[in-house]
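Undergrad: Pasted the sequence and its predicted model underneath.
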Amino acid sequence: SIAPSPRPTQLGVWRRSVASHVASRGPSSFSEARGMAEWDPLADPPGAADAEPADGGLAAILGLWSPDGCVPIQGSDKKVATTDLERTFTDLRRKFARTAPWKSMPDPTPDLGWHTPSCTLEAWSHTDVRVELGRAIAYVTLNRPSDSNTLSEDVVAGLCDAVILLHSRPDIRVVVFTGEGKMLCGGRDPKGDAFGFNVKVDASTKAALAAQGREALEGGAFPDGEVNLGRMLQAKLWHTLATLPQFTICLANGSALGDGMGLALCSDMVIALRASYFGFPDTKLGLVNAGLSPYLLAKTSAGVAKNMFVMGQLLSAETAFEKGIVNRVVDSAAEASAALKEVCGDLTSCAPGSVRLAKELVLGVAGRQVDESIIFYTMSVANHVAASEECRQGLEAIAAQQPKPWEAQAIEPLR
């Protein structure tokens, strides 16, 4: 079937599509005689706006109608047949009706090409961020307690290395993000950019961010016309953290403010000490923390998010628990360790590949209208899981009444 005629708001899309499509199809002999090579399908012919269409054809809708059945080529005495235009647009309509690009399935997987790590997890070289590895578990600790673990250049560089490296470690099944001292994270460095991070990365990372920044500029991300690498780095870091294949736990040893909330909001679970507070004081500084808004709204309601953003509300751990931002509230570090051990015990029985796909599924479906694209996406994930090696191994283990392969080694917290 053929899609309905395009609405006026779609005309720019149709016009931009004509050039490449006509070139691939080739003109008719009638068009060749009138100089098809000189025809610019993106340009409006002189007087097109004043012409009175005789019918409702596509040429008329696009303002390309002419009484003699030909369209003048701007800047030339040549013409192109309107029949060629009709044929081209009909083919395009059929193509769009068949492929429906506006209904493409979600793709929550991150782009990891924006950063090249400077070290490995085993040979960790950062001091302001500490990494510890255990049995199927990793700890990433902000280690600037004298400065409230603010997101300085060195801290951001360490976090960037950690999240990129963790994406390629299927042997690690749980990642714990926490802080040293009395604060989880005091937010962005006050000496840094007002909206982003100071950039302390290598030349390749700067080049990758700059290239993606140009795309963001074209998409309207920088209304002032200047690409800000600090803001690009900030957005990439949080998205890469949120899409880690491991189950992530934020162990909030203290309060998180402003951008420091990213560790809590982008983690899958938050275990918080009762004395902790969470909030965005940005509006009191004349700012708005737009970058973390999608992650906050993924955990709580729009009303709660609005109050936190607009009034700079600080929520106690208990209130944050009630609002869905925190999953557990504990009274001591020892109680937090016990809760972490319990969660790791539960995750030991969960197949790591299924955990990864379950996270992707939630990211891909959350907030989306249920239409064919979502239905097809969920079917695709279900079929992928059912055909996986993990599924086969799990069914065989159940039939043989044996432990599943991923249960053979327990996930053991270091403390």
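TA: Structure's in. What do you need?

Undergrad: pretty sure Lys341 is touching Arg415, no?
TA: No. In terms of Cβ atoms under 8 Å, Lys341 does not count as a neighbour of Arg415; the distance is 9.5 Å. Using the backbone N, CA and C atoms, a C-beta is placed for each residue, glycine as well.

Undergrad: Give me the contacts around stretch 279-298.
TA: Applying Cβ atoms under 8 Å, 6 or more residues apart in numbering, the external contacts of stretch 279-298 come out as 194-195, 231, 234-235, 238, 242, 257-259, 261-262, 265-266, 305, 308-315, 325, 366-367.

Undergrad: Going through these, which ones are buried?
TA: Buried by 16 or more other Cβ atoms under 10 Å: 195, 231, 234-235, 238, 242, 257-259, 261-262, 265-266, 305, 308-309, 312-313, 315, 325, out of those.

Undergrad: Tell me which of these fall in strands.
TA: If you go by DSSP state E, those have Leu257, Leu315 in strands.

Undergrad: thinking again about what came up before, tell me which of the contacts of stretch 279-298 fall in helices.
TA: Secondary structure defined by DSSP state H assigns Arg231, Gln234, Ala235, Trp238, Ala242, Gly262, Leu265, Ala305, Met308, Phe309, Val310, Met311 of those to helices.

Undergrad: Could you tell me how far the fourth one is located from Glu372?
TA: Plainly put, Trp238 is 30 Å away from Glu372 if you go by Cβ to Cβ, to the nearest Å.

Undergrad: can you check the fifth one too?
TA: If you measure Ala242 against Glu372 using Cβ to Cβ, the figure is 26 Å.

Undergrad: and which of the ones in helices among the contacts of stretch 279-298 is nearest Ser388?
TA: Top of the list for closeness to Ser388, among the ones in helices among the contacts of stretch 279-298 and by Cβ to Cβ, is Ala242 at 23.1 Å.

Undergrad: Show me how far stretch 303-322 is from its chain's centre.
TA: Its chain's average C-alpha position is 24 Å from that of stretch 303-322, according to Cα atoms, centre = their mean, to the nearest Å.

Undergrad: Pull that stretch out as PDB, backbone CA atoms only.
TA: The C-alpha coordinates for stretch 303-322 follow below in PDB (Å, rounded to 0.1, in the frame of the first residue of the first chain):
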ATOM      1  CA  GLY A 303       6.500  16.000  40.700                       C
ATOM      2  CA  VAL A 304       9.400  14.900  42.900                       C
ATOM      3  CA  ALA A 305      12.000  15.800  40.200                       C
ATOM      4  CA  LYS A 306      10.400  19.200  39.700                       C
ATOM      5  CA  ASN A 307      10.600  20.100  43.400                       C
ATOM      6  CA  MET A 308      14.200  18.900  43.600                       C
ATOM      7  CA  PHE A 309      15.300  20.900  40.600                       C
ATOM      8  CA  VAL A 310      13.200  24.000  41.000                       C
ATOM      9  CA  MET A 311      13.500  24.500  44.800                       C
ATOM     10  CA  GLY A 312      16.900  22.900  45.300                       C
ATOM     11  CA  GLN A 313      15.300  20.500  47.800                       C
ATOM     12  CA  LEU A 314      17.700  18.200  49.800                       C
ATOM     13  CA  LEU A 315      16.100  14.800  50.600                       C
ATOM     14  CA  SER A 316      17.000  12.800  53.600                       C
ATOM     15  CA  ALA A 317      17.900   9.200  53.000                       C
ATOM     16  CA  GLU A 318      14.500   8.100  54.300                       C
ATOM     17  CA  THR A 319      12.700  10.600  52.100                       C
ATOM     18  CA  ALA A 320      14.800   9.500  49.100                       C
ATOM     19  CA  PHE A 321      13.800   6.000  49.900                       C
ATOM     20  CA  GLU A 322      10.100   6.900  49.900                       C
END
